[in-house]
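**Q** Dropping a prediction and its sequence here:
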Amino acid sequence: MSTAVSAAAPAVAQAQPRYAGILAGAWRRFRRNKLALFGLGYVVFISFVAVAAPYLTPYTYDKINPSIALQGPSWSHPMGTDILGRDMLTRIMYAARPMLIVGFATQLAGLAIGTTLGVLGGYLGGAVDWAVSRLVELFSALPWYLIVLYMVMVLSPSLKNLILALTITSWVNSCRVVRGLSFSIRKLDYVEAARALGIPGWRIVIYHVLPQAIPLLLWTFASGIPTAVFAEAGLSFLGMGVRPPQPSWGQMLADAGNYWMYWPHMFVFPSAMITLSVLAFQGLADGLREAMDVNVNI
Amino acid sequence: MPLLQVEDLRVHFRTKDGLVRAVNGVSYELEEGDILGIVGESGCGKSVSALALLRLIPEPPGEIAGGHAYFEGQDLLALKRKELYGIRGRKIAMIFQDPMTSLNPVMPIGEQVAEAIWVNSSVSRREARRRAIEVLAQVGVPAPAERYKDYPHQFSGGMRQRVMIAMAISCQPRLLIADEPTTALDVTIQAQIVELVKRLQRELGMAVIWITHDLGLVARVARRICVMYAGRIVEIGPIKEVFSRPQHPYTLGLLASVPRGRTGRRQPLRHIEGAPPDMISLPPGCAFQPRCQFCAEECLQEEPSLVALGDGHLAACHRLGRLPVEALAPKVAS
Amino acid sequence: MDTNGAYILRVEDLKKYFPLRRGLLGRGIAHVKAVDGISFAVRRGEILGWVGESGCGKSTLGRTVLQLERPTSGKVFFDGQDLTQLGGEQLRRLRTKMQIIFQNPYSSLNPRMPIGRALIEPMVVHGIARGKQAQERAIELLQLVGLNPYFINRFPSEFSGGQRQRIGIARALALNPSFIVCDEPISSLDVSIQAQIINLLQRLQQQLGLTYLFISHDLRMVQHISDRIGVMYLGKLVEIGPTEEMVHHALHPYTQALWEAVPIPDPEVEEKRQVAILEGDVPTAANPPSGCRFHTRCPYVMPVCREEEPALVELAPGHFAACHLHKR
């Protein structure tokens, strides 16, 4: 960069910012992780399937046809049919919807709450930080699965209430991450410089503190999804999540309950989907962390 | 025969952005008991060139790409790792900038010194302990017998550096390599350490390579000076000769940019324009050429090599003898 | 003392203590007295050099003067106004007049903000300029500090250390301040770059009529750039006076020792020089010695030094020292 001081370059103030270089580096590191690549591919694929499900299958998820009940995989029903004669593949495809909705919605809501609380605690410090830290400790210590169960029971089982209940705990991780980061960034010279320049606190947080947290937040976001996926499957399995006839993988597993010894396809496909999804999001999260690591330490 | 003879030393680092020629053909000699100061800016290869002598370069990404370093007639760079252990610490010792990271935080300092003695010479544990206390006293650690069991964190930065020096000299090395040992210390402590090393040098008759970026310090410590820029030696010679008659424009610029008190406040310092080059894509010809105010056509074409100017003074510049050196020579402080 | 005219800044008995957290409840029992009762004044348009060894509290002093750290006690008059009495919003508006330049050019710039935006942001916030006008002013600022405005949209990571320091200086100038705290502005730069930055700071000071509090541990540079020099030891101001006096007629043994310790970049001089070396280590600020804090290392220590803390007294016109050797 010794050229920067030379007066030879044209004095046009329009050289483009180089986001490209930063992104290229991140992508190169991401690409090295095979599981992350698989995760990314899977997430793109399953999102497409969830959105386009009605166009991908000739069947509907709730059409009951007892005459073809409990068939094994065949050309017309690649994953077979369930006890009511509904096409398993169609139901698997539609069930991606609640999985993604619960996963993303709980994480988004958690991110919003966690980031706000985390920044407040980490940046302001003092009594606010003390309160936020105790809150984080309290919620980390709670038996969250029981609380979620209880809440859904009280509120009546539905997708909305499931999301609400899961959000109660999903903010803890992002809060912890953002708090720690804000705490260290607050001490950096450029934040002090911004204060010395009389830049208001809210602006410092938005423009100088939070941008540094984006990579870590992306990672917490992605790594929180598997928990949500599990929770959704588990609660639906218990009949506390997605209401029939809307399909969910957990609920389909529950349906397989008494029949899986004789008709294993009812058990194999939903459980495979749950496993795959958890694995994929976890891989994606790990890949993101590796890809972003460098930028976090700038 | 000189104690150390470095010939065309080359050290490369393979980075993801390209090949860094950190040391790019460095040759010098060091006599017994001499003190050579190596000066240069960060990234000029001054530390790497010294670390390479003991093969302390992390490989990969680093690699010694060529050259010889004859120490007491043996080529250090051709030795097997095992043979090198007989030299490291026994005949050539090193001290570093940050004594905290060079000391084991969970081992009492006395034991660390005793271990250095025990490992490098065939003495009993008890004898090693006795000698450790002796050496600690020699480097000015107060009450060494009582402080033997203290841990590094109980010592100040200056005291830790003394402990490092104690470990380094415990086996009476022939050569001490000091890699910016006082950079992290305060001026008054720096002065203590400098005096200590100078005294030990006289007492033990060892040679010293003192790496620094501080021209004042090198003037206080060294008998000969070696100025490095972008992986090469640009000027080397007896310290007084180089300070009073610098020949390379970079040396000139460095010396002129040091405040000398009497220049008068409203007068700006002479400074070198620009910044050190990117080591991955060095400029063609002389590496200093983009910053040199005397740059000519030939400087863009070819890398200059060191030319002897008499009295062991060498400089690498195409325009030697044609520079208005007198006009630029720094005025000595009064 | 004249509060309106000659002095831009007047500091009175400034103290900044940091609690050392101990015990289960994190109650502060002990304090690190980083700045412990310092008074001085800065003349309009002068460069006041401020030296001391690491941990002596000189950086804390700079930050406390600017109210980036709120002082434990004491007063700071800036243009006659006591900053310590101001609330956050009043202080925020006053920030246009006083700025700071940091030591580390790598941590003092937001890595995710293009340099142009870093210059424009404060102007917009304070309503000094916006839009195209702000952009033009940012370009002017870059030119003023010797950078090519072509790179206005680049990120800090694309610049060298010296260039980043120039950006930091441009940012400090963005609001047209009259007073700047330079907190070790050259300490982390390469030798050949240090002189560039010193020359730049000096040129800007003359061109824009700025006042600097120039904090550094590099005594030669401080001597070169300063009109007056203050010397700090363990939270106390031990001597302050005009540069020539401080260099050639230093009164405090610590100041004398500092000058002894600094090597002179001339081997002929160094060879003949008999350096009187100060023994011992700097005590910790958490537990400073009684009486005169320098007494543990002072070559001229007397019984009174262990008992009684010497006051800062004027021993020559404008030359103050705190030492029992020099009683009036």
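**A** Received it, and whenever you're ready, just let me know what you need.

**Q** near chain A, which residues of the stretch 101-250 of chain B?
**A** Contact residues of the stretch 101-250 of chain B with respect to chain A, defined by CB under 8 Å from any CB of the partner chain, are absent. Any C-beta I mention is one placed from the backbone N, CA and C, and that applies to glycine too.

**Q** Okay, now the unreliable bits of the stretch 101-250 of chain B?
**A** Residues of the stretch 101-250 of chain B meeting the criterion pLDDT under 70: none.

**Q** Can you tell me which residues in it are near chain C?
**A** Applying the criterion CB under 8 Å from any CB, the portion of the stretch 101-250 of chain B that neighbours chain C consists of B:156, B:158-159, B:186-192, B:194-195, B:213-217, B:219-220, B:222, B:239-240, B:243-244.

**Q** can we see that at 7 Å?
**A** Taking CB under 7 Å from any CB of the partner chain, the part of the stretch 101-250 of chain B that reaches chain C is made up of B:156, B:158-159, B:186-188, B:190-192, B:195, B:213, B:215-217, B:219-220, B:239-240, B:243.

**Q** Narrow the residues you listed to just the buried residues.
**A** Buried positions within those, assessed by neighbour count (16 or more other CB atoms under 10 Å in any protein chain shown), are B:156, B:158-159, B:186-188, B:190-192, B:213, B:215-217, B:219-220, B:239-240, B:243.

**Q** Sitting in strands, which of the residues you listed do you find?
**A** In strands, defined here by DSSP state E, there are no members of these.

**Q** And for B:Ile69, the neighbour number?
**A** For residue B:69 the amino acid is Ala, not Ile. Applying other CB atoms under 10 Å in any protein chain shown, we find 24 residues neighbouring B:Ala69.

**Q** Quick check: it is in a strand.
**A** Yes. Per DSSP: H, G, I helix; E, B strand; the rest coil, B:Ala69 lies within a strand segment.

**Q** B:Leu76 is in contact with that one, correct?
**A** Yes. A contact is recorded between B:Ala69 and B:Leu76 when judged using CB atoms under 7 Å, the distance being 4.4 Å.

**Q** Now list whatever residues contact both of those two.
**A** Counting by CB atoms under 7 Å, 6 or more residues apart in numbering or on different chains, the residues touching both B:Ala69 and B:Leu76 are B:Leu53.

**Q** list the buried ones in stretch B:119-133?
**A** Neighbour-count burial for stretch B:119-133, with 16+ other CB under 10 Å as criterion, is recorded at B:Asn120, B:Ala128, B:Arg129, B:Arg131, B:Ala132, B:Ile133.

**Q** Packing partners of the helix or strand harbouring the second one?
**A** For B:Ala128, the element it lies in under DSSP states H and E is helix B:125-138. Helices and strands in packing contact with helix B:125-138 are listed as helix B:109-120, helix B:144-147, helix B:157-169; criterion 3 or more CB pairs under 7 Å, 6 or more residues apart in numbering or on different chains; DSSP states H and E.

**Q** hey, which of these is tucked in deepest?
**A** The densest packing among these, expressed as mean neighbour count by mean count of other CB atoms under 10 Å in any protein chain shown, is seen in helix B:157-169 with a mean of 25.

**Q** could I have that one exported to PDB, CA atoms only?
**A** These are the backbone C-alpha positions of helix B:157-169, laid out as PDB (Å, rounded to 0.1, in the frame of the first residue of the first chain):
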ATOM      1  CA  GLY B 157       9.500  -6.800  33.400                       C
ATOM      2  CA  GLY B 158      13.000  -5.700  33.900                       C
ATOM      3  CA  MET B 159      13.700  -8.500  36.500                       C
ATOM      4  CA  ARG B 160      12.200 -11.100  34.100                       C
ATOM      5  CA  GLN B 161      14.600  -9.900  31.400                       C
ATOM      6  CA  ARG B 162      17.400 -10.300  33.900                       C
ATOM      7  CA  VAL B 163      16.300 -13.900  34.600                       C
ATOM      8  CA  MET B 164      16.200 -14.500  30.800                       C
ATOM      9  CA  ILE B 165      19.700 -13.200  30.600                       C
ATOM     10  CA  ALA B 166      20.800 -15.400  33.500                       C
ATOM     11  CA  MET B 167      19.500 -18.400  31.600                       C
ATOM     12  CA  ALA B 168      21.200 -17.300  28.400                       C
ATOM     13  CA  ILE B 169      24.700 -16.700  30.000                       C
END
